[in-house]
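**Student:** Structure of the sequence below:
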Amino acid sequence: MAVFSGRSIVIDNAADARQATAYLSKLDVIGFDTETRPVFRKGESHKVALVQMSTDSECFLFRTNKMGLTEHLINLLENSDVMKVGLSTKDDFHGLNQLAPCNPRGFIELQQYVKRFDIADMSLQRIYAIIFGEHISKGQRLTNWEAPTLTPHQIGYASLDAWACLRIYRTLSGGEFDPSASPYIQNPDTTK
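**Tutor:** Numbering: from 1, shown residues only. Just a heads-up that it's a prediction; the model follows:
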């Protein structure tokens, strides 16, 4: 079972967001994800409640349901000098634009990036399992991301998702994954 063993930092005010985004803006690449409270009734909708940005050892959890999409967070999302790696980012961008006008730049979409490594699967769970042979639990996905306080399980889940995107990218871009050696990828040369 995959776990994020780094430090998770929950941010729910503009001052802390400013400090965290200043730190993240100095990095070359970070992992990215968002969480939204699930919908259980037709016609119901919710806005992005959490934006996660991860380094190799820390994950910053920005509680947008409490502080909105701050100017400093928007600046980081629009900063093309900081590469942000995520999955299904088009959905994330749509959700972020419901909070405030935002033109995200500097993003790598993992669903496209993994194709050059013969990975056809599109879910974070499957991609992570193919590369690392570990399972990512999705047990917290349908929890209330707008709760007054996030539970330790929610914090761990949200941190893992952003960090996993970064770990996948680093492993693939660093040449540490050989598709022909993976037991999870069907190699066309071996099926003849």
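
**Student:** partners of the helix or strand Leu61 falls within, with directions?
**Tutor:** Per DSSP states H and E: Leu61 is located in strand 58-62. According to DSSP bridges, strand 58-62 forms sheet pairs with strand 7-11 (parallel), strand 48-54 (antiparallel).

**Student:** any idea which of these is most buried?
**Tutor:** With neighbours defined as mean count of other CB atoms under 10 Å, these peak in mean count at strand 48-54, which reaches a mean of 25. C-beta coordinates here come from the backbone N, C-alpha and C atoms, glycine included.

**Student:** How far does the lowest-mean-pLDDT helix or strand in the chain sit from its chain's centre?
**Tutor:** In the chain, no helix or strand scores lower on mean pLDDT, DSSP states H and E than helix 124-132, which sits at a mean of 93. Centroid displacement of helix 124-132 relative to its chain, using CA atoms, centre = their mean, to the nearest Å, is 14 Å.

**Student:** Over to stretch 39-48?
**Tutor:** That offset, for stretch 39-48, works out to 21 Å (CA atoms, centre = their mean).

**Student:** tally of neighbours for the closest residue to Asn75 other than its chain neighbours?
**Tutor:** Nearest residue to Asn75 in three dimensions, chain neighbours excluded: Thr21, at 6.8 Å (CB to CB, 6 or more residues apart in numbering). The criterion is other CB atoms under 10 Å. On that basis, Thr21 has 23 neighbouring residues.

**Student:** Thr21 against Glu71, yeah?
**Tutor:** No: at 9.3 Å, Thr21 and Glu71 do not qualify as touching, with contact defined as CB atoms under 8 Å.

**Student:** returning to that earlier point: using PDB, list the CA coordinates for the helix or strand that the strand holding Leu61 is followed by.
**Tutor:** As assigned by DSSP H and E, the chain's next helix or strand after strand 58-62 is helix 64-67. C-alpha atoms of helix 64-67 as PDB (Å, rounded to 0.1, in the frame of the first residue of the first chain):
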ATOM      1  CA  THR A  64      -9.700  27.000  -0.800                       C
ATOM      2  CA  ASN A  65     -13.100  26.500   0.800                       C
ATOM      3  CA  LYS A  66     -11.900  28.600   3.700                       C
ATOM      4  CA  MET A  67      -9.700  31.200   2.100                       C
END
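
**Student:** got a list of contacts for helix 64-67?
**Tutor:** 11-14, 17, 37, 47-51, 73, 99, 145-146 (CB atoms under 8 Å, 6 or more residues apart in numbering).

**Student:** May I see the buried residues of that helix?
**Tutor:** If you call a residue buried by 16 or more other CB atoms under 10 Å, then helix 64-67 has these buried ones: Thr64, Asn65, Met67.

**Student:** Over to stretch 34-42?
**Tutor:** Result for stretch 34-42 [16+ other CB under 10 Å]: buried residues Thr34, Glu35, Thr36, Arg37.
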